[in-house]
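K.L.:
below is the sequence, then the predicted model.
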Amino acid sequence: MNLREAMARAASRMMNIRRPIAAALGATAMYPDDEADAADPMKTMKAYKLFRTLKDKPGELYPLFIGKKEPVPIGEWVDAQHIPTKGFAERPGWHAGTLPKADHLMKKDGTMQDGRVWAEVELPADKNWQQIADTSVTKDIKGMVPEGGYYRFPRPLNQGGEWLIGGSLKVNKQLTEEEVRNIIDSNAKKVFGGAGLVGAASLYSPEAAQARQYKDRAEEEGLEDAYSPFDMIQAATGGGGLTLRAARALIDPVINYGIEKFTGK
(Lines give C-alpha, C1' and ligand atoms only; values in the text may rest on other atoms or scores of the structure.)
Protein backbone atom coordinates (compact mmCIF):
# COMPACT_ATOMS: atom_id res chain seq x y z
CA MET A 1 0.00 0.00 0.00
CA ASN A 2 1.47 3.35 -1.00
CA LEU A 3 1.18 6.61 0.93
CA ARG A 4 -1.74 7.91 -1.19
CA GLU A 5 -3.79 4.74 -0.64
CA ALA A 6 -3.03 4.82 3.09
CA MET A 7 -4.19 8.44 3.37
CA ALA A 8 -7.40 7.68 1.47
CA ARG A 9 -8.14 4.68 3.67
CA ALA A 10 -7.46 6.69 6.85
CA ALA A 11 -9.80 9.45 5.68
CA SER A 12 -12.49 6.88 4.98
CA ARG A 13 -12.15 5.48 8.50
CA MET A 14 -12.43 8.99 9.93
CA MET A 15 -15.72 9.53 8.10
CA ASN A 16 -17.06 6.24 9.46
CA ILE A 17 -16.23 7.46 12.95
CA ARG A 18 -17.66 10.91 12.34
CA ARG A 19 -21.14 9.70 11.39
CA PRO A 20 -21.86 7.79 14.67
CA ILE A 21 -20.64 10.78 16.66
CA ALA A 22 -22.95 13.03 14.70
CA ALA A 23 -25.80 10.60 15.34
CA ALA A 24 -25.13 10.64 19.08
CA LEU A 25 -25.32 14.42 18.99
CA GLY A 26 -28.62 14.34 17.13
CA ALA A 27 -27.15 15.56 13.85
CA THR A 28 -28.20 12.62 11.67
CA ALA A 29 -30.64 14.79 9.72
CA MET A 30 -27.68 16.57 8.14
CA TYR A 31 -26.50 13.48 6.32
CA PRO A 32 -28.18 11.74 3.38
CA ASP A 33 -28.90 8.03 3.73
CA ASP A 34 -25.51 6.37 4.20
CA GLU A 35 -26.57 2.99 2.83
CA ALA A 36 -24.81 2.38 -0.47
CA ASP A 37 -27.05 1.75 -3.44
CA ALA A 38 -25.92 -1.17 -5.60
CA ALA A 39 -28.26 -0.25 -8.45
CA ASP A 40 -27.76 2.58 -10.91
CA PRO A 41 -29.13 5.99 -9.82
CA MET A 42 -32.86 6.57 -10.29
CA LYS A 43 -32.40 10.31 -10.81
CA THR A 44 -29.49 11.90 -12.63
CA MET A 45 -28.11 15.30 -13.57
CA LYS A 46 -26.63 15.98 -17.01
CA ALA A 47 -23.28 17.73 -16.92
CA TYR A 48 -20.07 18.14 -18.89
CA LYS A 49 -16.50 17.15 -18.09
CA LEU A 50 -13.14 17.79 -19.71
CA PHE A 51 -10.96 14.73 -20.29
CA ARG A 52 -7.60 14.00 -21.85
CA THR A 53 -6.84 11.42 -24.51
CA LEU A 54 -3.67 9.52 -25.34
CA LYS A 55 -2.36 8.95 -28.85
CA ASP A 56 -1.46 5.35 -28.06
CA LYS A 57 -4.86 4.66 -26.45
CA PRO A 58 -7.43 5.81 -29.03
CA GLY A 59 -11.03 5.91 -27.83
CA GLU A 60 -10.13 6.04 -24.14
CA LEU A 61 -10.80 9.00 -21.83
CA TYR A 62 -8.64 9.89 -18.83
CA PRO A 63 -9.10 12.41 -15.98
CA LEU A 64 -6.98 15.54 -16.30
CA PHE A 65 -5.30 15.45 -12.90
CA ILE A 66 -6.46 13.23 -10.03
CA GLY A 67 -6.46 9.49 -10.77
CA LYS A 68 -5.29 10.35 -14.26
CA LYS A 69 -3.74 6.95 -15.01
CA GLU A 70 -7.07 5.09 -14.97
CA PRO A 71 -9.31 5.35 -18.06
CA VAL A 72 -12.99 6.20 -17.59
CA PRO A 73 -15.23 3.84 -19.57
CA ILE A 74 -18.10 5.18 -21.67
CA GLY A 75 -21.62 4.10 -20.71
CA GLU A 76 -20.73 2.75 -17.26
CA TRP A 77 -21.20 4.22 -13.79
CA VAL A 78 -17.88 4.80 -12.04
CA ASP A 79 -17.78 5.59 -8.32
CA ALA A 80 -15.63 8.50 -7.19
CA GLN A 81 -12.63 7.73 -5.01
CA HIS A 82 -11.06 9.81 -2.28
CA ILE A 83 -7.50 10.27 -3.54
CA PRO A 84 -5.62 13.02 -1.65
CA THR A 85 -3.30 14.65 -4.19
CA LYS A 86 -0.57 17.19 -3.53
CA GLY A 87 -1.41 20.60 -4.93
CA PHE A 88 -5.17 19.98 -5.09
CA ALA A 89 -7.95 20.72 -2.60
CA GLU A 90 -9.23 17.70 -0.71
CA ARG A 91 -12.70 17.78 -2.27
CA PRO A 92 -13.46 14.17 -3.27
CA GLY A 93 -15.95 13.48 -6.02
CA TRP A 94 -16.17 13.70 -9.79
CA HIS A 95 -15.90 17.35 -10.86
CA ALA A 96 -18.07 18.46 -13.78
CA GLY A 97 -19.70 21.62 -15.08
CA THR A 98 -23.17 22.77 -16.06
CA LEU A 99 -21.75 23.77 -19.45
CA PRO A 100 -18.71 22.59 -21.43
CA LYS A 101 -16.84 25.78 -20.55
CA ALA A 102 -13.66 26.10 -18.46
CA ASP A 103 -11.51 29.04 -19.54
CA HIS A 104 -8.92 28.38 -16.82
CA LEU A 105 -8.06 25.06 -18.48
CA MET A 106 -7.56 26.58 -21.92
CA LYS A 107 -4.35 27.87 -23.48
CA LYS A 108 -3.57 31.61 -23.43
CA ASP A 109 -5.03 32.03 -26.91
CA GLY A 110 -8.33 30.51 -25.73
CA THR A 111 -7.93 27.22 -27.56
CA MET A 112 -7.93 23.79 -25.97
CA GLN A 113 -4.73 21.90 -25.31
CA ASP A 114 -4.00 19.05 -27.68
CA GLY A 115 -5.50 15.77 -26.57
CA ARG A 116 -8.24 17.30 -24.41
CA VAL A 117 -11.92 16.72 -25.20
CA TRP A 118 -15.29 17.51 -23.66
CA ALA A 119 -17.78 14.77 -22.85
CA GLU A 120 -21.44 14.72 -21.86
CA VAL A 121 -21.76 12.97 -18.51
CA GLU A 122 -24.36 12.17 -15.88
CA LEU A 123 -24.12 12.51 -12.10
CA PRO A 124 -26.39 10.80 -9.55
CA ALA A 125 -29.16 12.94 -8.05
CA ASP A 126 -30.94 10.56 -5.67
CA LYS A 127 -29.49 12.15 -2.52
CA ASN A 128 -29.24 15.81 -1.57
CA TRP A 129 -25.76 16.85 -0.44
CA GLN A 130 -26.26 20.58 -0.96
CA GLN A 131 -27.32 21.30 2.62
CA ILE A 132 -24.05 19.81 3.88
CA ALA A 133 -21.93 21.81 1.43
CA ASP A 134 -23.79 24.99 2.34
CA THR A 135 -22.82 24.66 6.03
CA SER A 136 -19.15 24.94 5.07
CA VAL A 137 -17.51 28.34 4.81
CA THR A 138 -15.90 27.20 1.58
CA LYS A 139 -19.22 25.77 0.29
CA ASP A 140 -17.75 22.34 -0.43
CA ILE A 141 -17.37 19.00 1.40
CA LYS A 142 -13.95 18.02 2.65
CA GLY A 143 -12.95 14.38 3.03
CA MET A 144 -16.27 12.84 1.98
CA VAL A 145 -17.50 11.50 -1.35
CA PRO A 146 -21.13 12.61 -1.96
CA GLU A 147 -22.33 9.07 -2.61
CA GLY A 148 -25.60 8.77 -4.52
CA GLY A 149 -25.82 12.49 -5.28
CA TYR A 150 -24.01 15.73 -6.03
CA TYR A 151 -23.75 19.35 -4.90
CA ARG A 152 -23.08 22.68 -6.58
CA PHE A 153 -19.79 24.41 -5.76
CA PRO A 154 -19.58 28.12 -6.79
CA ARG A 155 -16.46 29.05 -8.73
CA PRO A 156 -15.16 32.18 -10.53
CA LEU A 157 -16.48 32.88 -13.99
CA ASN A 158 -13.27 31.79 -15.72
CA GLN A 159 -13.68 28.38 -14.03
CA GLY A 160 -17.16 27.85 -15.41
CA GLY A 161 -19.20 29.70 -12.75
CA GLU A 162 -19.87 26.57 -10.72
CA TRP A 163 -18.78 22.95 -10.49
CA LEU A 164 -20.98 19.93 -9.85
CA ILE A 165 -19.30 17.48 -7.45
CA GLY A 166 -20.76 13.98 -7.78
CA GLY A 167 -20.39 10.67 -5.99
CA SER A 168 -20.26 8.76 -9.27
CA LEU A 169 -20.20 9.53 -12.97
CA LYS A 170 -21.26 8.01 -16.27
CA VAL A 171 -19.82 9.24 -19.56
CA ASN A 172 -22.52 9.34 -22.23
CA LYS A 173 -20.47 10.47 -25.21
CA GLN A 174 -17.49 12.48 -26.38
CA LEU A 175 -18.43 15.86 -27.88
CA THR A 176 -17.16 17.47 -31.05
CA GLU A 177 -16.05 21.12 -31.06
CA GLU A 178 -19.20 22.06 -32.95
CA GLU A 179 -21.40 20.31 -30.36
CA VAL A 180 -19.62 22.19 -27.58
CA ARG A 181 -20.27 25.56 -29.23
CA ASN A 182 -23.92 24.71 -29.87
CA ILE A 183 -24.48 23.58 -26.27
CA ILE A 184 -23.03 26.76 -24.79
CA ASP A 185 -24.91 29.05 -27.15
CA SER A 186 -28.26 27.27 -27.04
CA ASN A 187 -28.31 27.15 -23.23
CA ALA A 188 -27.56 30.87 -23.03
CA LYS A 189 -30.32 31.67 -25.52
CA LYS A 190 -32.92 29.82 -23.44
CA VAL A 191 -32.44 32.39 -20.68
CA PHE A 192 -31.46 35.54 -22.56
CA GLY A 193 -33.73 35.23 -25.58
CA GLY A 194 -31.06 35.36 -28.27
CA ALA A 195 -28.21 37.02 -26.36
CA GLY A 196 -26.25 33.82 -26.78
CA LEU A 197 -22.67 33.72 -25.55
CA VAL A 198 -22.79 37.37 -24.48
CA GLY A 199 -25.39 36.61 -21.83
CA ALA A 200 -23.71 33.41 -20.67
CA ALA A 201 -21.12 35.45 -18.77
CA SER A 202 -23.78 36.78 -16.38
CA LEU A 203 -25.70 33.53 -16.09
CA TYR A 204 -22.64 31.51 -15.07
CA SER A 205 -21.03 33.96 -12.68
CA PRO A 206 -20.42 32.83 -9.07
CA GLU A 207 -23.32 35.03 -7.95
CA ALA A 208 -25.70 33.34 -10.38
CA ALA A 209 -24.44 29.93 -9.27
CA GLN A 210 -25.25 30.76 -5.67
CA ALA A 211 -28.62 32.10 -6.74
CA ARG A 212 -29.40 28.79 -8.43
CA GLN A 213 -28.60 26.99 -5.17
CA TYR A 214 -31.19 29.13 -3.37
CA LYS A 215 -33.67 28.45 -6.16
CA ASP A 216 -33.15 24.67 -5.92
CA ARG A 217 -33.57 24.79 -2.15
CA ALA A 218 -36.68 26.91 -2.48
CA GLU A 219 -38.29 24.36 -4.77
CA GLU A 220 -37.53 21.57 -2.30
CA GLU A 221 -38.60 23.39 0.86
CA GLY A 222 -41.34 25.63 -0.52
CA LEU A 223 -39.55 28.83 0.45
CA GLU A 224 -40.95 32.09 -0.86
CA ASP A 225 -38.03 34.42 -0.20
CA ALA A 226 -35.35 32.59 -2.19
CA TYR A 227 -34.02 34.39 -5.23
CA SER A 228 -33.29 33.00 -8.68
CA PRO A 229 -30.66 33.75 -11.36
CA PHE A 230 -33.19 36.06 -12.96
CA ASP A 231 -33.26 38.19 -9.79
CA MET A 232 -29.48 38.45 -9.93
CA ILE A 233 -29.59 39.44 -13.59
CA GLN A 234 -32.31 41.98 -12.88
CA ALA A 235 -30.17 43.57 -10.18
CA ALA A 236 -27.12 43.67 -12.42
CA THR A 237 -28.97 45.21 -15.35
CA GLY A 238 -31.42 47.39 -13.43
CA GLY A 239 -34.34 45.88 -15.32
CA GLY A 240 -37.62 46.44 -13.52
CA GLY A 241 -36.01 48.09 -10.51
CA LEU A 242 -33.84 46.69 -7.73
CA THR A 243 -36.07 44.27 -5.80
CA LEU A 244 -35.17 42.94 -2.35
CA ARG A 245 -34.49 39.47 -3.71
CA ALA A 246 -32.34 40.93 -6.48
CA ALA A 247 -30.35 42.95 -3.95
CA ARG A 248 -29.75 39.81 -1.88
CA ALA A 249 -28.51 38.01 -4.98
CA LEU A 250 -25.73 40.58 -5.26
CA ILE A 251 -25.03 41.29 -1.59
CA ASP A 252 -24.95 37.75 -0.14
CA PRO A 253 -21.87 36.61 -2.10
CA VAL A 254 -20.03 39.75 -1.00
CA ILE A 255 -20.89 39.08 2.65
CA ASN A 256 -19.77 35.45 2.36
CA TYR A 257 -16.50 36.56 0.76
CA GLY A 258 -15.89 38.98 3.66
CA ILE A 259 -16.52 36.24 6.21
CA GLU A 260 -14.05 33.92 4.48
CA LYS A 261 -11.34 36.63 4.44
CA PHE A 262 -11.96 37.59 8.08
CA THR A 263 -11.96 34.02 9.42
CA GLY A 264 -9.17 32.88 7.14
CA LYS A 265 -11.10 29.75 6.17
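P.N.:
On my side now, so go ahead. Numbering: from 1, shown residues only.
K.L.:
hang on, residue 153 in a helix?
P.N.:
No - assignment of residue 153 by DSSP: H, G, I helix; E, B strand; the rest coil gives strand, placing it outside any helix.
K.L.:
any idea how far it lies from residue 162?
P.N.:
6 Å (C-beta to C-beta, to the nearest Å). Yep, even glycine has a C-beta here, placed from its N, CA and C like the rest.
K.L.:
likewise for residue 51?
P.N.:
19 Å.
K.L.:
those two - which one has more neighbours?
P.N.:
Using other C-beta atoms under 10 Å, the more surrounded residue of residue 51 and residue 162 is residue 162, with 24 against 20.
K.L.:
outline the domain layout of this structure.
P.N.:
The record's domain parsing of the chain by automatic domain parsing lists 3-182, 205-263.
K.L.:
looking at the ones you listed, which one has the lowest mean pLDDT?
P.N.:
When the domains of the chain are ranked by mean pLDDT, domain 205-263 comes last with a mean of 51.
K.L.:
quick one: residue 187 is in a helix?
P.N.:
Yes - Residue 187 sits within a helix when classified using three-state DSSP.
K.L.:
how about it: what's its closest non-neighbour residue?
P.N.:
With sequence-adjacent residues excluded and distances taken as C-beta to C-beta, 6 or more residues apart in numbering, residue 187 is closest to residue 99, at 6.0 Å.
K.L.:
equivalent analysis for residue 46, please.
P.N.:
residue 122 (5.9 Å).
K.L.:
surely the one you found meets residue 48?
P.N.:
No - using C-beta atoms under 8 Å as the test, residue 122 is too far from residue 48 to be in contact (10.4 Å).
K.L.:
still on that earlier bit, wasn't the residue nearest to residue 46 part of a helix?
P.N.:
No - counting by three-state DSSP, one finds residue 122 to be strand, located in no helix.
K.L.:
so the residue nearest to residue 187 makes contact with residue 162?
P.N.:
No - using C-beta under 8 Å, residue 99 is not in contact with residue 162, being 9.6 Å away.
K.L.:
picking up where we left off before, tell me which element the residue nearest to residue 187 falls in.
P.N.:
Assigned by DSSP states H and E, residue 99 belongs to no helix or strand.
K.L.:
how about it, phi and psi?
P.N.:
Main-chain torsions, residue 99, degrees, to the nearest 10: phi -140, psi 160.
K.L.:
can you tell me how far it is from residue 173?
P.N.:
Residue 99 is 16 Å from residue 173, by C-beta to C-beta.
K.L.:
settle it for me: which of the two has more neighbours?
P.N.:
For residue 99 versus residue 173, the count of surrounding residues by other C-beta under 10 Å is larger for residue 99: 20 against 11.
K.L.:
host element of residue 96?
P.N.:
Going by DSSP H and E, residue 96 is part of strand 94-97.
K.L.:
same deal with residue 91?
P.N.:
Per DSSP H and E, there is no helix or strand for residue 91.
K.L.:
ok, it - contacts?
P.N.:
140-142, 153, 165 (C-beta atoms under 8 Å, 6 or more residues apart in numbering).
K.L.:
residue 142 touches residue 136, doesn't it?
P.N.:
Yes - using C-beta under 8 Å, residue 142 is in contact with residue 136, at 7.3 Å.
K.L.:
for residue 154, give its distance to residue 141.
P.N.:
Distance from residue 154 to residue 141, by C-beta to C-beta: 14 Å.
K.L.:
what does residue 102 give?
P.N.:
Distance of residue 102 to residue 141, computed by C-beta to C-beta: 21 Å.
K.L.:
which parts of the stretch 101-250 of the chain are strands?
P.N.:
116-124, 127-128, 149-154, 162-166, 168-174 (DSSP state E, counting those that start in this stretch).
K.L.:
all helices of this structure, in order?
P.N.:
Assignment of helices within the chain using DSSP state H yields the ranges 3-24, 130-134, 177-192, 197-203, 206-221, 229-237, 244-263.
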